[in-house]
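S.K.: Sequence and computational prediction follow.
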Amino acid sequence: MSSRPVALLAALALVVAAAGCGGPMRADELSRSIDTLASAAAEGALLADGAAQDRTKATFTRAHARELGETVEHEAEKLSDATANGAVATDKADAVELADRISQQLGQLQTAPDDRAGARSAGDRLRALADEATRLAEDAGP
């Protein structure tokens, strides 16, 4: 492929990407992002339960905690990069902080998947964080 078509494709991709960047974050967008955090925390709690009860292999716990952590970090990055106004800005900041706490607990599972007491603790915290995220999503919703 010559450089001209590649340049045209790159320019087209830039235009398409920029088209999605239209103004401040809306409440419904924020709510969906927080729902993703709640889902990851709830799934992490289930993973932690399996690790705490020695029903889940350490390699699976580690790999799945890493995947969930990457999802949470991606949402946190999107939230941090978004502009917001008013109440949405406040809820967005709360969501970024919540994502950090979820990520820490998933990191505990990833780092020490054989630590049954640590997994039990992480599971309890992740359940509480999932509940907190659900409440925040409801508050942030349209």
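M.R.: Good, I have the coordinates. All of these numbers come straight from a predicted model, not from anything done at the bench.
S.K.: Would you mind listing where this structure has pLDDT under the threshold?
M.R.: Applying pLDDT under 70 to the chain flags the ranges 1-22.
S.K.: which stretches of it form helices?
M.R.: Here the chain has its helices, by DSSP state H, at 3-19, 27-52, 58-81, 86-111, 116-140.
S.K.: List the contacts of the residue nearest the centre of the chain.
M.R.: Centroid-nearest residue in the chain: Val72, 2.1 Å away (criterion: C-alpha atoms, centre = their mean). By C-beta atoms under 8 Å, 6 or more residues apart in numbering, Val72 lies in contact with 37, 40-41, 99, 102-103, 106. Where you see a C-beta, it was placed from the backbone N, CA and C, and this is true even at glycine.
S.K.: at 10 Å what do you get?
M.R.: By C-beta atoms under 10 Å, 6 or more residues apart in numbering, the contact set of Val72 is 36-37, 39-41, 44, 98-107, 129.
S.K.: Just the buried residues of those residues.
M.R.: 36-37, 39-41, 44, 98-99, 101-103, 105-106, 129 (16 or more other C-beta atoms under 10 Å).
S.K.: List just the nearest of those to Leu136.
M.R.: The closest of the buried ones among the contacts of Val72 to Leu136 turns out to be Leu98 (C-beta to C-beta; 6.6 Å).
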